[in-house]
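Q: Quick one, what's the 3D model for this:
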Amino acid sequence: MKKDEEKKALFWCELLKPIIYEEIEEEQVNQYLKELAQKEVCFPDGTVKKVSVSTLRRKLNKYRQGGFDALSRKRRNDLGKPRNTHSQAIEKAIELKKEQPFRSEQAINCFLKDQFDLTVPRSTLFRHLKQNGATKIKLGAVKKKVRKRWTRDNTNDLWVGDFEEGPYVLVGDQILPTHLNAFIDCHSRYMVEARYYLRQNLDVLIDSLIRAIAIHGAPAELYLDNAKVYHATALKAACYRANIKLKYRPVRDAATGGLVERFFQTVQSQFESEVRAQEILTLDKLNQGLSAWLNIQYHQSIHSETDQTPQQRYNTGHRVVRNVDMQHFLSSFMQRVPRTVDSTFSDVRLNNRFYKVDPKLRGDRVEVRFDPFGNLDSVQIFSLKDESYLGQGNYHHRDSWGKSSSQPEQNKPNHNLVDVLINQHNHALDQQVQGIDYTRVHQSRAWSFQDFVQKLAQLMGKKGGLSEFQAQELESLKKFYNSHSDLSEELLEKAHLRAHEQSVPCILSELTQLLKE
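A: Residues are numbered from 1 along each chain as shown. So this is what the prediction gives:
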């Protein structure tokens, strides 16, 4: 007996309970049934109506003859057989399908129309074909894959990443679409990184991946879509350097990315639906909201697959952190081009910009390495022969007389506005600019940047410390400091003594040579 039939049988037994258990005399049964027929009762399907005496008597007789199971509805003798359709036509349709498993409903009906002068509705035809084992799957014509749930034993064993369209944001006076890039941990369903961007390309993918690795360490495996951007040489090289096994979804098999796709559905229904209902946000505000939603709601909610919150499962499954040499990892994403150092101006040309290099390299063929998406105020110079580091090239202007000159120094303003500008500049250095500066690697350093600049100002006779330097000088110092972790006061003092000119470029050039020695 099916569940629904069982509920209906219980319903009739409850109505007839006084008679079934002989709580009333036999001569009072008719009177009880008449009184019961005058009352409205609620049926199992929710309808409320009266039951006739004849129906009650029929149900009582069934119970007395066959017990509880007799109250279920009798199965039709013609169940599963065609009633409104010619049985011979159905048999012919089954024969036609078994003869050619890929034969369509239109083709089968064409045969039936010719032989029986009738057609069978698609739903009716499919039902009879399925009941008789005449579908493509049952005939073995389609080898449909058997799926299984994605799972891993430990946190960071596998990350799954992908892009998804996001809400529009306000950028200046423009309204632009966003793209959500996310990486989810397979074991815990914890989002190791999720962020909205204005683009959907390689530098965005790398930015998101670097953020995740910097916080959580490297995954053992990385599972990505099969789009062209994920097959970039730089990404593959970086994964090999970090010992990350790179995997791709099979072509035209979207179901294999269901883990991250399900997260995108959750974001759209729980977070983005609220964002779209309010006034348009800026990109920063949108990412702040996403971060808050992840930490407060998503990571603290019980996941239906794991029966744990992503945060709890991430913590309990965390066995080891696979640390990565970020400097080595980021080197994969530097673009490399060969150049000849100009013998007159001692510089190299890159995208119609000139970068002054060590005069000793004039006329040499060198390799210029740079971040194509970051700040191009400086580039790195390497030997084409043995790839040894030769120094840094700094952006400069060639004057109209054909002489090599760095950017002219500007007189320091004497107004109070300088403090405002310096504060704004210091704040700008801490903010992420468009694109990615892959040369920046944040490490804990014994000698802070502020101490480095203060010492340099002292050597150059500048009493005001950081405020004595121009914005461009501070940027150059900051980039040099981030690129060299082995700076020391002793080296800085030697570079100052060896410099032929008391300027930031000259001192940094000598400092580069000392570090190389």
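Q: how is this structure carved up into domains?
A: Here the domain assignment for the chain is 3-71, 79-143, 161-316, 334-396, 417-516, based on automatic domain parsing.
Q: can you redo these as CSV with mean neighbour count and distance to Thr151?
A: Bear in mind the C-beta positions are built from the backbone N, C-alpha and C, glycine included. Below are the domains of the chain laid out as CSV (neighbours: other CB atoms under 10 Å; distance: least, CB to CB, whole Å):
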stretch, mean neighbour count, distance to Thr151
domain 3-71, 13, 32
domain 79-143, 15, 24
domain 161-316, 17, 7
domain 334-396, 17, 36
domain 417-516, 15, 33
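Q: could you dump those to a markdown table with mean pLDDT?
A: Converted to a markdown table, those look like this (pLDDT from 0 to 100):
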| stretch | mean pLDDT |
| --- | --- |
| domain 3-71 | 87 |
| domain 79-143 | 82 |
| domain 161-316 | 87 |
| domain 334-396 | 86 |
| domain 417-516 | 75 |
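Q: and of those domains, who's closest to Asn154?
A: domain 161-316 (5.9 Å; CB to CB).
Q: all helices for the stretch 301-450 of the chain, in order.
A: All helices of the stretch 301-450 of the chain, identified by DSSP state H, counting those that start in this stretch, fall at 310-316, 326-330, 417-430, 449-459.
Q: on that earlier part again, can you list the domains of the chain in TSV and add distance to Thr155?
A: Formatted as TSV, the domains of the chain follow (distance: least, CB to CB, whole Å):
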stretch	distance to Thr155
domain 3-71	41
domain 79-143	35
domain 161-316	5
domain 334-396	31
domain 417-516	23
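Q: now the strands: where do they sit in the stretch 51-200 of the chain?
A: For the stretch 51-200 of the chain, the strands defined by DSSP state E, counting those that start in this stretch cover 158-171, 174-185, 191-197.
Q: The stretch 201-350 of the chain now?
A: 221-224, 245-248, 281-282, 335-340, 347-350.
Q: Tell me, how many residues neighbour His397?
A: 13 (other CB atoms under 10 Å).
Q: Contacts only, for the residue nearest to Arg313 when sequence neighbours are not counted.
A: Counting by CB to CB, 6 or more residues apart in numbering, Arg313 lies nearest to Ser188, which is 3.8 Å off, once chain neighbours are set aside. Applying CB atoms under 8 Å, 6 or more residues apart in numbering to Ser188 gives the contacts Thr155, Thr306, Gln308, Pro310, Gln311, Arg313, Tyr314, Gly317.
Q: closest to Glu6 among those residues?
A: Closest approach to Glu6 among the contacts of Ser188 (CB to CB): Thr306, at 34.4 Å.
Q: isn't the closest one right next to Arg189, touching?
A: Yes. The pair Thr306 and Arg189 qualifies as a contact (CB atoms under 8 Å) at a distance of 6.3 Å.
Q: what touches both of the two?
A: Any residue near both Thr306 and Arg189 by CB under 8 Å, 6+ apart counts here, and that gives Arg313.
Q: picking that back up, now flag whichever of the contacts of Ser188 is closest to Ser87.
A: Thr306 (51.6 Å).
Q: how much space is there between that closest one and Ala37?
A: With distances taken as CB to CB, to the nearest Å, Thr306 is found 55 Å from Ala37.
Q: Pro101 now?
A: Separation of Pro101 from Ala37 (CB to CB): 56 Å.
Q: Same list (the strands of the stretch 51-200 of the chain) but as a markdown table, adding distance to Ala93.
A: Listed next are those as a markdown table, based on distance: least, CB to CB, whole Å:
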| stretch | distance to Ala93 |
| --- | --- |
| strand 158-171 | 43 |
| strand 174-185 | 47 |
| strand 191-197 | 51 |
